[in-house]
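> Return a 3D structure for these sequence lines:
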Amino acid sequence: MSGHSKWATTKHQKAAKDAVRAKVFAKLIRQVEVAAREGGGDPESNAALRTMFQKARDASVPLDTIERAIKRGTGELEGVRYEAISYEGYAPGGVALIIETLTDNRNRTSAEIKHLLSKNGGTIAEPGAVSWQFDRKGTLEVKGPLDEDQLLEWVLEAGGENFEPQGDNYVVTTEPTELMAVRDALESRGVSVLSSELTLVPQNVIPVGDETEAKKILRLMDAVDEHDDVQNVFANFDISDDLLASVAAE
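This next block holds a predicted model:
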């Protein structure tokens with residue numbers, strides 16, 4: 001599993017424990033609204049909404065808050081219309097970045113993302129320059145310990161692709177369309193699914209072993225992720241667990 005994924009997991013764990021939680025809630029609610037607007041307000045017939053609904057529930061967003069977001073998305077309640085825009089760029093060391101945003105002001109968001117990249121040693125890239133290096137996948141974090149042979153059998157039976165250990169848990173990979181079916185199948189087997197989401201997985205990763213370089217990359221990732229309009233930041237770096245823990249502790 002790439003260093004980016006470990007960074008994302010650390011970020012999500014931290015968000016559940018401190019003041020960042022409110023910002024996480026706001027971003028998830030915005031994603032629910034957009035999914036409802038684009039595909040309707042029924043999670044059973046709108047796969048994207050079901051995925052975002054579950055992601056919000058995994059993050060402990062209150063059910064009534066999610067339901068109001070769905071109603072804003074479908075027009076039952078008044079709300080802001082957001083536009084999905086992705087930016088491609090590079091972090092220090094040539095690390096590829098894809099930044100997904102939802103914005104009500106394209107010009108403002110574009111200017112601010114470019115500024116954040118420039119300020120933190122990154123650069124913006126032309127559309128298509130980076131995206132070909134990533135594949136869209138579904139990922140689920142499941143609670144360990146588990147019999148790994150048994151887990152692999154269940155994952156493959158359910159239509160998933162594979163899994164990798166990540167700390168005490170496991171990250172299961174699926175095709176995007178199979179994400180919720182695999183989740184349902186694993187939960188029916190008694191497996192505890194901690195989170196599930198659609199993500200971008202790098203085809204190849206750039207190893208980062210230098211602590212100074214790692215700090216620069218993570219500083220940029222955090223700065224961009226903090227922006228209110230940014231929903232996801234994907235990158236293709238690989239930092240060892242020990243180095244990631246060392247940098248995160250500072």
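> what's the model's confidence in the helix or strand harbouring residue 55, averaged?
Residue 55 is part of helix 47-58 when elements are defined by DSSP states H and E. For helix 47-58, mean pLDDT rounds to 94.
> Need the CA coordinates for it. CSV is fine.
Extracted C-alpha coordinates of helix 47-58, given in CSV (Å, rounded to 0.1, in the frame of the first residue of the first chain):
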residue,chain,number,x,y,z
ALA,A,47,-24.6,3.8,-6.2
ALA,A,48,-22.5,7.0,-5.8
LEU,A,49,-24.9,8.3,-3.1
ARG,A,50,-24.9,5.0,-1.3
THR,A,51,-21.1,5.0,-1.2
MET,A,52,-21.0,8.6,0.1
PHE,A,53,-23.9,7.9,2.6
GLN,A,54,-21.9,5.0,4.0
LYS,A,55,-18.7,7.0,4.1
ALA,A,56,-20.4,9.8,6.0
ARG,A,57,-21.9,7.3,8.5
ASP,A,58,-18.4,5.6,8.9
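> hang on, isn't residue 139 packed against residue 178?
No: counting by C-beta atoms under 8 Å, residue 139 stays clear of residue 178, with 11.4 Å between them. Any C-beta I mention is one placed from the backbone N, CA and C, and that applies to glycine too.
> Tell me which of the two has more neighbours.
residue 139 (22 against 17; other C-beta atoms under 10 Å).
> can you pull up the bridge partners for that one?
Residue 139 has the following beta-bridge partners by DSSP bridges: residue 173, residue 197.
> That one and residue 192, how far apart?
Counting by C-beta to C-beta, to the nearest Å, the separation of residue 139 from residue 192 is 15 Å.
> packing partners for the helix holding residue 55?
Packing partners of helix 47-58 (3 or more C-beta pairs under 8 Å, 6 or more residues apart in numbering; DSSP states H and E): helix 20-39, helix 63-74, helix 179-188, strand 193-202.
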